[in-house]
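J.: This is the structure alone, sequence omitted:
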């Protein structure tokens, strides 16, 4: 089975890194997970050991000694075979949104019980993702007010995606939302992942426009 | 090379200014060559004529020019020889006057000519060659005004070359220059000047007055709002041009009077249009400021000119102030207009303009009153000149002085405030005392400064000492010998010291209040950490079951997060709090495999701000209750319902577990005690019922921004 998937844990607290690595190996069925305590170490591993043809799952912490995990997530954008998950202590909307905008496909709360983290990892394996009400509300707000200029590319949400955001924003969990819409939890998770992807696209477009405005491109 | 240079405003302005200078220089040169005369006839009050040298005569008395041979060459009433008076009779009579003046100018060139005055005395009558040194001050003044007006016009035009207003303004400046050249001519002219020049000076003067009036009227007709179409303006200009052209041939009696009326009419329409524009501009602060400025200066120069010249001329009296002098008033108006069009420092001029307008208003009132008196009693105008001078010069001067004084005082107040602030906000108490002494040293420069007992600020030893109590508590100080001993302390010093003491006391009190607020907030954080995190970790310390320890640690982290949120002091909406709370509760129970039912109703749209303390209390209570259910209840279902009754939020949490003994269970009891205390502090309550079939908790939380909510924020 070795070689079907690569797993990378970027986390500066060694004990937590080891725990995360152990659980990830169990959940994703890989013999070992690469570990990095700094951005530099993560980059080194990616340069030396990343096999582009196999899927990569990267759990990336935001507050690293030599910078923010956002940077690494943005760099992994080029790797279409990679899935980045942000790990964070608290559900701090600002940093989670930034990481999602950089290309993360979900987030994991390190503050939770390790069995719960494992449950979340299994959820990821099944294609489930997390989203809190406050993040849903911020996403709704963001997509609603974006691109006042006609020249800017508008990344629009579908009606169903908007419904999902609204439901989660009002406090429904993903299974509850699925039940309310009469669809599978899997489908709701797909919507959520698409929303994250669109946020990433929108963020990239904004960055490009900003760069063009400043004459960088 | 030349084109871009001309496009630059500075270069264009320099070139045009050079042309204007050359024109005025040429005019001055021409005027300096005008011949003077050995005698002058000027109008005097009461239908008299003053002959210099000679004396006062009735203006209809006849004088004769006698040549060397003793022959009478010309006899004419003295009125004909008064050059200041423009001929205003029938065309034939006017022709006679011009013919007589022409004859006189030729006679004065004959040697040995004399004038026999009505009383038979003879005075020499001959032309004197002109020179630059012989030019009168009024001539220079007139030319100077004309040049200034043109330069102002050029300045505005070079700033905004494409604007209608600037073009019209520049045209009016040019016309004013033309008019002032003719005014200078009439100042400088004498009986020896050529009659053609005299006649043309009058015509050009009228033309320039027309152009000046028309251009200003056109300016206000279309700036800043287009009120009159260009076609009408062209029609009015054409009419004026035709009238002027007709006046060259004198078809009617008193063409001069008609010209004066045209100018007055133009003046009235300028004022009317300006008023209309001011009314249109009333909602735009910048335009309004511009019009206050224009209006004020217009009023000032209008009053000046009408009082000094126009009204006396219409009444057939001599000018009060010579025309060149009163035209300086135009410069004021002119400069204001230039400023308004160029939009130059309008904000600074508003105050000045109001002051000037006030002065003009007073002047107008005085003039009207005086005019009434003059017509009633037939007395002279002398009184109004004094008043006019007083109002126009003194009022703005007084205002300026007041402002200057005020500014100085404000700067003084600022430095007082700064000094007092430095004392009150010094980091340590001993710094406060030393800064207080330094402040007193700086303010009063005393020779010595000693501790002394005093209750209030008082002057001691006839002004040699000033005792000041300390605003910081403790003994006061006694300052000895103000300003390095050069003066005594006076009551102003006492007032200033008292103000300083009061200021420092107030600032210190404000700082203390602020620090109390900070203290209260620190206290809240400390208590929260102690009550929640501390007690939770304490309990955890004595547990053996790792799973429970983990759960406790997680809850302690959640508590820390709530405390951090509270530090930011943000208010959140009830709807958002409920949504987050619901999500968290349902997720937690879901992981514990306990289905939760919490309907999402209208309350989840309630836009009602909750203070940080209320938010925190709500979170703590729900978390604690849910934790208890997960740990102890062994429930298979939890129902939550929230409702809002006015300002009271009710939350009902029910589980179908095994219930618990309300008196026992020290563990759950500890957490509940904290919750109850916290709820009571903000006016809320919790009621619990429990039996073998489940537990119900009813939480009530008042949402109004009452005392309890605010007290914790100091």
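T.: Sure, I can see it. Predicted model only: the values in this text are computed from it and were never measured.

J.: Show me where the chain dips below the pLDDT cut-off.
T.: Chain wasn't specified; assuming chain A. A:1-3, A:90-92, A:146-154, A:214-217 (pLDDT under 70).

J.: meant chain B, my bad for not saying
T.: Low-confidence segments of chain B, defined by pLDDT under 70: B:1-7, B:286, B:299-329, B:341-396, B:399, B:565-570, B:661-670, B:705-714.

J.: Please name the nearest non-neighbouring residue to residue B:571.
T.: residue B:609 (4.1 Å; Cβ to Cβ, 6 or more residues apart in numbering or on different chains). Yep, even glycine has a C-beta here, placed from its N, CA and C like the rest.

J.: partner residues bridging that neighbour?
T.: Beta-bridge partners recorded for residue B:609 (DSSP bridges): residue B:573.

J.: From the structure, what's the count of residues near the closest residue to chain B within chain A?
T.: Proximity of chain A to chain B (Cβ to the nearest Cβ) peaks at residue A:171, 3.4 Å away. Neighbour count of residue A:171, defined by other Cβ atoms under 10 Å in any protein chain shown: 25.

J.: So what does it have for phi and psi?
T.: Main-chain torsions, residue A:171, degrees, to the nearest 10: phi 110, psi 0.

J.: Spit out the contact partners of it.
T.: Contacts of residue A:171 were listed using Cβ atoms under 8 Å, 6 or more residues apart in numbering or on different chains, and they are A:133, B:578-583, B:586, B:598, B:600, B:604.

J.: can you do 10 Å?
T.: A:132-133, A:136, B:575-586, B:598, B:600, B:604 (Cβ atoms under 10 Å, 6 or more residues apart in numbering or on different chains).

J.: And residue B:418, by the same measure?
T.: Counted by Cβ under 10 Å, 6+ apart, residue B:418 has contacts residue B:439.

J.: Which SSE is immediately downstream of the helix or strand it falls within?
T.: Here residue B:418 sits within helix B:395-424, counting by DSSP states H and E. Per DSSP H and E, helix B:395-424 leads on to helix B:429-444 as the next helix or strand towards the C-terminus.

J.: Could you check how many residues crowd around the residue in the stretch 151-300 of chain B that chain A sits nearest to?
T.: Using Cβ to the nearest Cβ, the single residue of the stretch 151-300 of chain B nearest to chain A is residue B:284, 28.2 Å away. Neighbour count of residue B:284, defined by other Cβ under 10 Å: 12.

J.: Same question for residue B:9.
T.: Using other Cβ under 10 Å: residue B:9 sits among 14 other residues.

J.: Report the separation between it and residue A:51.
T.: Distance, residue B:9 to residue A:51, by Cβ to Cβ, to the nearest Å: 69 Å.

J.: Show me which residues of the stretch 501-650 of chain B sit near chain A.
T.: Applying Cβ under 10 Å from any Cβ of the partner chain, one finds that the stretch 501-650 of chain B approaches chain A through B:547, B:550-551, B:553-554, B:557-558, B:560-561, B:564-565, B:572-573, B:575-588, B:590-591, B:596, B:598, B:600-601, B:604-605.

J.: Separate out the buried members of the residues you listed.
T.: Buried members of these, scored by 16 or more other Cβ atoms under 10 Å in any protein chain shown, are B:550-551, B:554, B:557-558, B:560-561, B:565, B:572-573, B:575-588, B:596, B:598, B:600, B:604.

J.: Out of those residues, list just those in helices.
T.: Among these, the ones falling in helices (DSSP state H) are B:550-551, B:554, B:557-558, B:560-561, B:565, B:575-588.

J.: In the longest helix anywhere in chain A, which residues are buried?
T.: Using DSSP H to define each element, chain A has its longest helix at helix A:185-213. The neighbour-count check on helix A:185-213 (16+ other Cβ under 10 Å) flags A:185, A:188-193, A:195-196, A:198-200, A:202-206, A:209 as buried.

J.: For that helix, which helices and strands make contact with it?
T.: Helix A:185-213 sits against helix A:69-75, helix A:93-102, helix A:114-126, helix A:133-145, helix A:159-169, helix A:174-181, with contacts defined as 3 or more Cβ pairs under 10 Å, 6 or more residues apart in numbering or on different chains; DSSP states H and E.

J.: So what's the gap between the third one and the chain middle?
T.: Okay, so that is helix A:114-126. Helix A:114-126 sits 14 Å away from the centroid of its parent chain (Cα atoms, centre = their mean, to the nearest Å).

J.: Much appreciated, bye for now.
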